[in-house]
Each structure stands twice: as structure tokens, then as C-alpha cells.
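> next input, structure requested:
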Amino acid sequence: MTIHLPTEVETSIEAVVQSGRFATVDDAMTQAARLLLLTITQEQSRLQPVARPPLLGTMRDAAEELDEIVAGAMKRRREGP
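Okay, here's the model as predicted:
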């Protein structure tokens with residue numbers, strides 16, 4: 001793969017490599033590409049709607065269980081502390 005970068009970007013990357021942060025320009029560009037892909041993935045996950053079960057339908061499906069919970073809470077409330 002061949003890429004063409006603006007001169008100032010290329011100069012900055014070469015300076016970072018010469019500073020010892022990366023062994024080669026290829027290593028620096030590999031890290032840059034990984035960070036780019038991570039950013040894109042994170043942006044996409046933020047933009048996708050979160051799938052949530054319908055609350056009302058869930059409540060209907062568990063109506064008996066909810067009745068038991070409410071009855072138990074009311075009984076404890078009447079009995080006091």
C-alpha cells in the first residue's frame with residue numbers, strides 16, 4: 001500500500017520515529033491506522049441505537065410476578081419496621 005501524506009504530517013511522523021518512539025515509519029503508521037479504526041468503530045457504536053425490549057410487553061409477560069412483588073411490598077409496609 002502506498003499512501004501520500006501532507007508534508008507537515010510526514011515530517012512530524014519522521015520526527016517521532018527519529019525520537020525513538022517507533023522503530024520505523026511503518027510501525028508509526030500501523031499504530032496510526034489502528035487508532036483510526038478504533039475511533040471509527042467507537043463512533044459507529046455510539047450512533048447505533050441500543051436495542052431495548054419493549055417495557056410494556058415485558059411487564060405484561062411478568063404480570064403475575066409483578067403482582068406478587070407488589071403484594072409482598074404492601075404486606076411489609078403494613079407490618080411496619
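
> okay, and residue 44 sits in which element?
Per DSSP states H and E: residue 44 is located in helix 25-47.

> so which elements touch that helix?
In terms of contacts (3 or more Cβ pairs under 8 Å, 6 or more residues apart in numbering; DSSP states H and E), helix 25-47 is packed against helix 7-18. Where C-beta positions appear, they are placed from N, C-alpha and C, glycine not excepted.

> tell me where the protein is predicted with low confidence.
Low-confidence segments of the chain (pLDDT under 70): 50, 52-60, 81.

> on that earlier part again, tell me the buried residues in the helix holding residue 44?
For helix 25-47, a neighbour-count test (16 or more other Cβ atoms under 10 Å) marks 28, 29 as buried.

> ok, stretch 4-14 next?
For stretch 4-14, by 16+ other Cβ under 10 Å, it's residue 13.

> from the chain's centroid, how far away is it?
From the chain centre to the centre of stretch 4-14 is a distance of 31 Å (Cα atoms, centre = their mean, to the nearest Å).

> then stretch 33-43?
Using Cα atoms, centre = their mean, the offset of stretch 33-43 from its chain centre is 11 Å.
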